[in-house]
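Participant: quick one, structure for this:
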Amino acid sequence: THSRPPTPSLAFCASCGVSMSAVKLPDVSKYMAAEPPAETKDYIMQQTMIRVKDPIRSLEFYTQVLGMKLLMAKDFPQWGFSVYFVAPSNAPVPPADADQWHLCMTTRGCIELTWNHGSETESAPHIYNTGNADTTGTSDGKPVKGGFGHIGVTMPDVYAACERFKSLGVEFKKSPNSGGMKGLAFIKDPDGYLVEILPQSYDPQTGAMPTQPVDCMGVAVDGGEGYKDNSK
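Facilitator: All right, here's what the predicted structure looks like:
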């Protein structure tokens with residue numbers, strides 16, 4: 001069976017004296033060791049779809065801030081919406097529709113940005129519920145305990161990336177040193193969806209992620225509040 005490495009957030013919280021959950025953790029080792037069914041060998045986790053208010057605003061964020069590329073765009077005026085598939089890809093986008101389709105549908109980890117025509121004219125800055133204790137779209141004005149949490153992007157240096165995000169005017173939910181989980185951040189896309197910013201390495205002995213004494217918001221590594229469940 002596969003050994004289970006320390007979870008970075010839990011290891012760090014334990015060292016800070018934060019009370020740990022008493023829930024019995026399930027044994028998931030068989031899911032790491034088992035071979036997937038042979039029939040699924042060509043399946044690809046290809047996309048996550050989110051609705052956006054303004055496609056240009058969103059494309060600017062995902063391509064210029066996060067470094068993704070637009071692989072395919074499709075318009076459906078008969079149904080009043082358009083879709084834009086972005087992904088972390090260096091592949092050249094072919095001009096032919098069929099070739100674009102093949103490239104897009106065989107690229108892992110795309111985000112499908114769906115624009116419902118006319119939504120860009122609405123006055124509210126955010127019109128879709130993000131799933132994170134969000135009141136947007138609720139009939140009673142109270143936050144919902146949403147199921148969707150965030151997408152995640154990894155990079156070699158979280159702190160350097162966050163300095164860049166700050167310089168670009170990106171909104172932060174959590175800077176790297178704030179909160180109980182040190183070394184990771186959460187930023188918001190133009191519609192308020194959370195994007196987790198994670199390092200590509202961590203200390204296998206302690207489970208700690210790389211940290212720096214002070215982050216882009218001036219928060220010291222030993223500062224910040226404790227962990228907060230964004231669904232509540």
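
Participant: from here on, just use CA atoms for contacts and neighbour counts.
Facilitator: Fine.

Participant: for stretch 92-103, list every residue counted as buried.
Facilitator: Going by neighbour count (16 or more other CA atoms under 10 Å), the buried part of stretch 92-103 is 93, 100-101, 103.

Participant: contacts for it?
Facilitator: 71-72 (CA atoms under 8 Å, 6 or more residues apart in numbering).

Participant: hmm, 6 Å instead?
Facilitator: By CA atoms under 6 Å, 6 or more residues apart in numbering, no residue outside stretch 92-103 reaches it.

Participant: distance between it and the chain's centre?
Facilitator: 26 Å (CA atoms, centre = their mean, to the nearest Å).

Participant: swap in stretch 213-226?
Facilitator: 21 Å.

Participant: ok, residue 84 to residue 134 distance?
Facilitator: Separation of residue 84 from residue 134 (CA to CA, to the nearest Å): 25 Å.

Participant: what do you get for residue 38?
Facilitator: 41 Å.

Participant: which of these two has more residues huddled nearby?
Facilitator: More neighbours surround residue 134 than the other of residue 38 and residue 134, with 20 against 7 (other CA atoms under 10 Å).

Participant: need the contact list for the closest residue to that one other than its chain neighbours.
Facilitator: Distances taken as CA to CA, 6 or more residues apart in numbering place residue 143 nearest to residue 134, at 4.7 Å, with adjacent residues excluded. By CA under 6 Å, 6+ apart, the residues touching residue 143 are 133-135.

Participant: out of those residues, the closest to residue 175 would be?
Facilitator: residue 133 (18.9 Å; CA to CA).

Participant: please consider this matter closed, and thank you.
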